[in-house]
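> structure for the following, please:
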Amino acid sequence: MKIRLTKVRPVQIVGDGLVSSTERGEGRFIPVLILNTADRPDIDELLRVHQNLPPGDVVTQWSTVLFAKESIVLNMRFIKPMSCKFGIAFDPYKYGVLIDAILYAQALYFLSGKVGDQVSSTTDKPKILAEVPRLSFLNTWNKRYLRIASRRFRLNGLDRTAAKRAAREMIESIREMWEMRRG
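Below is the predicted model:
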């Protein structure tokens with residue numbers, strides 16, 4: 001496994017949600033990320049250009065941030081309709097359910113926005129649906145997600161065994177929702 005270093009500062013998530021449509025994603029829930037692109041006019045241009053052209057090509061890769069092991073970044077490299085690279089930063093304690101949803105949908109929508117924007121109020125804004133294959137990150141995530149969820153239950157007063165059991169049950173329950181499809 002190669003270690004890739006990048007000097008690009010990850011784009012921050014300022015809003016999120018889920019959408020489901022029989023027209024896209026076979027009716028499953030697909031996460032929507034509203035990204036702060038204030039310092040990234042290239043991403044705004046990608047969103048604008050993408051609306052008037054056929055689907056493009058994107059390569060994605062999950063990674064961790066050097067010296068910040070808890071942080072997770074989804075690196076995205078668009079090849080067509082124009083070249084653009086950026087990463088989306090996730091705090092797994094805050095966005096664990098969102099990471100899980102992306103992995104199970106194997107896709108996400110993203111659009112540009114600002115703090116306070118909501119998916120329901122941005123339906124007219126340009127957005128891109130990107131495929132995000134699970135690859136080998138799912139195994140890594142399953143272990144990490146159980147540890148993160150267990151830690152949260154421990155902070156709420158459960159002992160180690162009960163916290164691990166509660167975390168497993170919570171993850172199973174969430175994943176049942178990811179399996180639901182609109183028909």
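
> mind listing what's buried along the longest strand seen in the chain?
Here the longest strand in the chain is taken by residue count, with DSSP state E as the criterion, and it is strand 68-80. Buried residues in strand 68-80, defined by neighbour count with 16 or more other C-beta atoms under 10 Å: 72-76, 78. (Glycine included, C-beta is placed from N, CA and C.)

> show me what that strand is packed up against.
Counting by 3 or more C-beta pairs under 8 Å, 6 or more residues apart in numbering; DSSP states H and E, the packing neighbours recorded for strand 68-80 are strand 57-65, strand 84-90, helix 92-105.

> let's see that with 10 Å instead.
Here strand 68-80 touches helix 41-50, strand 57-65, strand 84-90, helix 92-105, strand 107-113, strand 128-131, helix 137-155, going by 3 or more C-beta pairs under 10 Å, 6 or more residues apart in numbering; DSSP states H and E.

> pairing partners for that strand, with directions?
Strands adjacent to strand 68-80 in the sheet, as given by DSSP bridges, are strand 57-65 (antiparallel), strand 84-90 (antiparallel).

> tell me how far the last one lies from the chain's centre.
It refers to strand 84-90. Relative to its parent chain, strand 84-90 has a centroid offset of 10 Å by C-alpha atoms, centre = their mean, to the nearest Å.

> now, of the strands paired with strand 68-80, which is deepest in the fold?
Stretch with highest mean neighbour count among those: strand 84-90 (a mean of 19; mean count of other C-beta atoms under 10 Å).

> now that strand against helix 41-50, angle please.
Relative orientation of strand 84-90 with respect to helix 41-50: 110 degrees, computed using axes from the mean of the first three to the mean of the last three C-alpha atoms, to 10 degrees.

> next one: phi and psi at the most far-flung residue of the chain relative to its centre?
Relative to the centre of the chain, and counting by C-alpha atoms, centre = their mean, the farthest-placed residue is Asp159 at 30.5 Å. For Asp159, the backbone dihedrals are phi -70, psi 170 (criterion: degrees, to the nearest 10).

> list the contacts of it.
Taking C-beta atoms under 10 Å, 6 or more residues apart in numbering as the contact definition, Asp159 lies against 153, 165.

> how does it look with 7 Å?
Contact partners of Asp159, counting by C-beta atoms under 7 Å, 6 or more residues apart in numbering, are absent.

> then the one 5 residues further on?
Contacts for Lys164 were tallied using C-beta under 7 Å, 6+ apart; they are Ser150.
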